[in-house]
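**Q** quick one, structure for this:
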Amino acid sequence: MKRNTKKNAFYVMFVLFVLMVIIAFVSITELSIPETKHIHTDANISSIQNQVKKYSDECNLVFDGFTSDGCKYVYIDVGANIGVQIRKLFQPELFPCDSNIKSKAPSVQDWCFPEVFEQLFGPLSKRNASGVCAFAFEANPVHTARLKQVESAYRERGQNVHIFTETAAGKENGYAKIYRDIDELKGSRNYIAGKHPPSLSASTARNWGQGFTNVTQIDLAEFVLQCIAPRIIPASVAHDPHPPVVMMKMDVEGSEYSILPRLLSSGALCALDSIFVEYHENFFHSGAIPKNLHQQLLNHSKSTSGCKVKINVGDDESYYRLESQPPLH
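**A** Model (predicted):
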């Protein structure tokens, strides 16, 4: 009996020892891989916090394996056209800002995105390459082949680039009609025989009478709240002088008048740090679009506690023609 008692005591002590070793190992492992979850925690915005909690684990399911984990700096290009802004993000030296560039589109407020990227994300030489990510949406199928080339070229350079081609941004998930514009037709102001058409005005909001294509439509607010706001930033890319930043450019040929109110009401607008919007009020008859939408956005951002988004008007449409761009390499 005494022998069995000693034997049982030995087993108990051995099991306790093993458990202590396991606990110590788990603690060390957790300490050795620090991660931070980037949510605008200092923003007292319950809608954002509730959405982040609800959607943080659903992005991969909804957007087919997409993830923004590891991205300290995020650029979201809504209406990417042929992807030149993504090129300016990763290779700004190829796209010097020059007010005399002949390829600049007319009647667009001037911005120099290479300078904007440096201001928001820091100098290119000091950015951790794996922590800078570009995600884009373009509905026009005319641009699909070129955008696939851009995506492939930068992925080969180790950049996190994901372009959702033939996909429109909207206020809800589903399908949309993308109307072809006149720029693709011979005789239009931007038509050049044998050249890739710029298709400046392909739109889900305006019908030019040139036919349409059905494309996927995503809820842009849901994308921001599901896939961007709850991203995890590892310590390996978290430590530099600049804080995490999400920048969005929106040039969607009239659809901004349905998307922006959705961003505002959902809380997704305040999950951004900076947004550049090109408005197309001239596409609509009086009374057909929300009045003073830009001012409403400004008022909301100023009156919402912790909302840091800076709302800018305009775009950078230099190098908008394919033939004006340096070759991909």
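
**Q** show me where the stretch 1-150 of the chain has strands.
**A** Counting by DSSP state E, counting those that start in this stretch, the segments of the stretch 1-150 of the chain that form strands are 35-37, 73-78, 132-138.

**Q** so what does the second one touch, helix or strand wise?
**A** Meaning strand 73-78. In terms of contact count using 3 or more Cβ pairs under 8 Å, 6 or more residues apart in numbering; DSSP states H and E, strand 73-78 is assigned the packing partners helix 84-90, helix 113-121, strand 132-138, strand 245-250. Quick note: C-beta positions are derived from backbone N, CA and C, even for glycine.

**Q** if you set the cut-off to 6 Å instead, what comes out?
**A** The elements that strand 73-78 packs onto, with contact taken as 3 or more Cβ pairs under 6 Å, 6 or more residues apart in numbering; DSSP states H and E, are strand 132-138, strand 245-250.

**Q** now that strand against helix 113-121, angle please.
**A** Computed by axes from the mean of the first three to the mean of the last three Cα atoms, to 10 degrees, the angle separating strand 73-78 from helix 113-121 equals 140 degrees.

**Q** run a quick neighbour tally on G211.
**A** Using other Cβ atoms under 10 Å, the number of residues around G211 comes to 11.

**Q** burial count for the residue nearest to it when sequence neighbours are not counted?
**A** The shortest distance from G211 to any residue other than its chain neighbours is 5.3 Å, reached at R180 (Cβ to Cβ, 6 or more residues apart in numbering). Neighbourhood size, R180 [other Cβ under 10 Å]: 22.

**Q** now swap in L298 and tell me
**A** Counted by other Cβ under 10 Å, the residues lying close to L298 total 14.

**Q** which ones are touching it?
**A** Taking Cβ atoms under 6 Å, 6 or more residues apart in numbering as the criterion, L298 is in contact with I311.

**Q** confirm it sits in a strand?
**A** No: secondary structure assignment (DSSP: H, G, I helix; E, B strand; the rest coil) places L298 in helix, not in a strand.

**Q** go ahead and confirm L147 touches N81.
**A** No: here L147 lies out of contact with N81, judged by Cβ atoms under 6 Å, at a distance of 8.7 Å.

**Q** bridged to C133, which residues?
**A** Note on C133: beta-bridge partners V74, N160, judged by DSSP bridges.

**Q** how many neighbours does it have?
**A** Taking other Cβ under 10 Å as the definition, C133 ends up with a neighbour count of 23.

**Q** just name the most buried of the helices and strands packed on strand 73-78.
**A** For the helices and strands packed on strand 73-78, the largest average neighbour count (mean count of other Cβ atoms under 10 Å) is found in strand 132-138, namely a mean of 25.

**Q** show me the contact partners of it.
**A** Where contact means Cβ under 6 Å, 6+ apart, the residues beyond strand 132-138 that reach it are 71, 73-78, 80, 86, 89, 147, 160-165, 167, 169.

**Q** now, of the residues you listed, which are buried?
**A** By the neighbour-count criterion of 16 or more other Cβ atoms under 10 Å, these include these buried positions: 71, 73-78, 80, 86, 89, 147, 160-165, 167, 169.

**Q** quick one: low-confidence parts of the stretch 151-300 of the chain?
**A** 181-202, 205-210, 238-241, 285-288 (pLDDT under 70).

**Q** mind listing the strands for it?
**A** 160-165, 167-170, 174-179, 212-219, 232-234, 245-250, 274-277.

**Q** quick check: buried residues in the third one?
**A** By neighbour count with 16+ other Cβ under 10 Å, strand 174-179 contains the buried residues A176, K177, I178, Y179.

**Q** now do the closest residue to Y257 other than its chain neighbours against H280, distance only.
**A** For Y257, ignoring the flanking residues on the chain, the nearest one in space by Cβ to Cβ, 6+ apart is I289 at 4.4 Å. Applying Cβ to Cβ, to the nearest Å, one obtains 9 Å for the distance of I289 from H280.

**Q** name the element the nearest residue to Q149 once chain neighbours are set aside belongs to?
**A** In space, not counting the residues next to it along the chain, Q149 is nearest to L328; the distance is 6.1 Å by Cβ to Cβ, 6+ apart. Taking DSSP states H and E as the definition, one finds L328 inside no helix or strand.

**Q** L328 touches S152, doesn't it?
**A** No: the pair L328 and S152 fails to qualify as a contact (Cβ under 6 Å) at a distance of 8.8 Å.

**Q** returning to what we had before: from what I can see the residue nearest to G211 touches T213, true?
**A** No: under the criterion of Cβ under 6 Å, R180 makes no contact with T213, lying 7.5 Å away.

**Q** number of residues surrounding the residue nearest to Y257?
**A** Here the count is done by other Cβ under 10 Å, and I289 has 17 residues near it.

**Q** then the one 10 residues further on?
**A** Here the number of neighbours of N299 (other Cβ under 10 Å) works out to 11.

**Q** what's the spacing between it and V74?
**A** Summarising the geometry, the distance separating N299 from V74, computed by Cβ to Cβ, is 25 Å.
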